[in-house]
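Asker: got a sequence here, can you build the structure:
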Amino acid sequence: MKVLSFRGGVHPRACKDISIMEPLRTAPLPHIAVVPLSQHIGEPNKPVVNKGDDVEEGQVLGRSDSFVSSPVHSPVYGKVRDIKKAFHPTLGPVMSVFVERDESREPRKYTEKDTGALSAEELIEKVRDAGIVGMGGAAFPTHVKLRVPEGRKIKTLIINGAECEPYLTCDHVLMTHKTREILSGIEILIRILGPGQVYMAIEDNKKAAIFAFQKLIKETRHSVLPRIRIIPFKTKYPQGGEKQLIKAISGQEVPPGKLPLDIGFLVHNVGTVHAIYEAVYYDKPLIERVVTISGDCMHRPGDFVVRIGATIRDIVEQYGIELYKDPKKVIVGGPMMGFAQPHMEAPILKSTSGILFLSDIRAEDLQEGNCIKCARCVDVCPVNLVPTEIAKVVKKGFWEKLDNLHVTDCMECGACAYTCPARIPLVQYIKDAKNAVTEQT
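Answerer: I've put the predicted structure just below:
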């Protein structure tokens, strides 16, 4: 079978073998869950509970009336100890609900429901009520993506199992451990969207996942699942970008400033699909997810099912995860697109794919040099930008020139900065450019 890919990209050291060999483990429940009310792109939630309230596992803690929003739920049985600003891994201080777990109560048991009679609208409402967002990192409310505007049609549905970030193996483990559940989630999406074609994109370094899906689809007698085509992709970063997947599969490009929907495509991460399955079949809100906890400071890296709201300190101190040396950096996410944390109080979010504990060997400080005009950043950019030109405009303050450089198309993958021999922090300059464009509009 032909292995697909895209123009540009880089080949960073994968570092996935250190966690993929371990079994999927379930982390103990947090003593105190810190649940930020903003865990999605869109309007922030407002609390619907008060300090001192007793809450059930899965009870809504915050919601918004805005269409582009997603509610948050209590990950445990317990009591609301406080509602105040707390540290968010990417946004800084945001309003959060602190839930102290009632240790006398066992976790809630979810029973399977009959979903055969549910309409497409009822399925979408279940997804919204469960608070599901894009779990590949974007955190866009999933119910919004599923409500296709009138007059539009999803011709091609792509399930994203590429997982191209170094270190991260949470999607790979999910695909091998929850193959049948993910296929059931895809079936739900087919019922909602009625796409003409369905592809599952998996990088070719995940042969166990490719085989698991191929085997189960071949064995099933369900009339829908044989339509799913499993497509291996060349292992390259950032292969998991939705525009890169669309280009590799179809040869079509998403025009600048447009969305995949505009050309009839929809892309969902495998973690999101699994959450959709649990929401529809079990009425289970998004209160936990698989997280890769890895890095060269750990004795036993691996993948863990972790409750939303557990803090990094919980993970280190309560979950029995041992660090054999103090990390130089703690990163939430992957090393290419993740965010270094100033302390250990950051909580697990719906979009948290990994926590990395990196030593000074892997997280060395780099000094910015002068651009040598080698154009490597241009060669590797997956969206055909000129990062060095954007950096020059930002440095000189020529903000009026940004309109012609398409900075808003940048996905901030970091490929340009990774390949730059002068160690110029190109992504940071592009972020500054994006902020300037936002302020101008």
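Asker: how about the helices in this structure?
Answerer: 17-20, 120-129, 142-146, 170-177, 179-193, 207-219, 242-250, 270-282, 312-317, 376-380, 387-396, 415-419, 426-440 (DSSP state H).
Asker: and residue 88, which of these is closest to it?
Answerer: Ranking those by proximity to residue 88 (C-beta to C-beta) places helix 312-317 first, at 12.6 Å. In short, each C-beta sits where N, CA and C put it, glycine included.
Asker: would you reformat the helices of the chain as CSV and include mean pLDDT?
Answerer: As requested, those are arranged in CSV below (pLDDT from 0 to 100):
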stretch, mean pLDDT
helix 17-20, 89
helix 120-129, 97
helix 142-146, 95
helix 170-177, 96
helix 179-193, 95
helix 207-219, 91
helix 242-250, 92
helix 270-282, 97
helix 312-317, 86
helix 376-380, 96
helix 387-396, 93
helix 415-419, 95
helix 426-440, 88
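Asker: for those helices, give me CSV that also has distance to residue 52.
Answerer: Formatted as CSV, the helices of the chain follow (distance: least, C-beta to C-beta, whole Å):
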stretch, distance to residue 52
helix 17-20, 40
helix 120-129, 25
helix 142-146, 31
helix 170-177, 35
helix 179-193, 37
helix 207-219, 46
helix 242-250, 43
helix 270-282, 29
helix 312-317, 23
helix 376-380, 54
helix 387-396, 49
helix 415-419, 47
helix 426-440, 39
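Asker: dump the ones you listed to a markdown table, plus distance to residue 76 and mean neighbour count.
Answerer: Converted to a markdown table, those look like this (distance: least, C-beta to C-beta, whole Å; neighbours: other C-beta atoms under 10 Å):
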| stretch | distance to residue 76 | mean neighbour count |
| --- | --- | --- |
| helix 17-20 | 26 | 18 |
| helix 120-129 | 19 | 18 |
| helix 142-146 | 23 | 22 |
| helix 170-177 | 21 | 24 |
| helix 179-193 | 23 | 21 |
| helix 207-219 | 31 | 16 |
| helix 242-250 | 33 | 22 |
| helix 270-282 | 17 | 25 |
| helix 312-317 | 12 | 19 |
| helix 376-380 | 44 | 19 |
| helix 387-396 | 44 | 19 |
| helix 415-419 | 39 | 24 |
| helix 426-440 | 35 | 17 |
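Asker: how far away is residue 268 from residue 195?
Answerer: In this view, residue 268 and residue 195 are 11 Å apart by C-beta to C-beta, to the nearest Å.
Asker: of these two, who's got more company?
Answerer: The neighbour count for residue 268 versus residue 195, taken as other C-beta atoms under 10 Å, is higher for residue 268 (24 against 19).
Asker: ok, now which ones touch residue 392?
Answerer: Residues in contact with residue 392, defined by C-beta atoms under 8 Å, 6 or more residues apart in numbering, are residue 371.
Asker: likewise for residue 311?
Answerer: 30, 34, 344-348 are the contacts of residue 311 under C-beta under 8 Å, 6+ apart.
Asker: tell me which residues touch the closest residue to it other than its chain neighbours, please.
Answerer: Spatial nearest neighbour of residue 311, excluding adjacent residues (C-beta to C-beta, 6 or more residues apart in numbering): residue 347 at 5.0 Å. Listed by C-beta under 8 Å, 6+ apart, the contact set of residue 347 reads 33-36, 86-89, 96, 308-312.
Asker: so how far is residue 120 from the closest residue to residue 123 other than its chain neighbours?
Answerer: Among residues not flanking residue 123 along the chain, residue 192 sits closest, at 5.4 Å (C-beta to C-beta, 6+ apart). The gap separating residue 192 from residue 120 is 5 Å, by C-beta to C-beta.
Asker: just to revisit the earlier point, residue 48: which of the helices of the chain is closest?
Answerer: helix 120-129 (13.3 Å).
Asker: packing partners for that closest one?
Answerer: helix 142-146, helix 179-193, helix 270-282 (3 or more C-beta pairs under 8 Å, 6 or more residues apart in numbering; DSSP states H and E).
Asker: distance to residue 323 added to these, as CSV?
Answerer: Output for the helices and strands packed on helix 120-129, formatted as CSV (distance: least, C-beta to C-beta, whole Å):
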stretch, distance to residue 323
helix 142-146, 35
helix 179-193, 32
helix 270-282, 26
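Asker: isn't residue 81 right up against residue 96?
Answerer: No - using C-beta atoms under 8 Å, residue 81 makes no contact with residue 96, being 11.1 Å away.
Asker: the two: who's more crowded?
Answerer: residue 96 (26 against 14).
Asker: dump the residue contacts of the nearest residue to the more buried one once chain neighbours are set aside.
Answerer: Once flanking residues are discounted, residue 96 sits nearest to residue 86: 3.9 Å by C-beta to C-beta, 6+ apart. Residue 86 sits next to 34, 36, 93-96, 98, 345, 347 when contact means C-beta under 8 Å, 6+ apart.
Asker: pLDDT score assigned to residue 256?
Answerer: What the model reports as pLDDT for residue 256 is 80.
Asker: and the helices of the chain: which comes nearest residue 112?
Answerer: Across the helices of the chain, closest to residue 112 is helix 270-282 (C-beta to C-beta), at 5.4 Å.
Asker: least trustworthy helix or strand in the chain by mean pLDDT?
Answerer: Here the helix or strand of the chain ranked lowest by mean pLDDT, DSSP states H and E is helix 312-317, holding a mean of 86.
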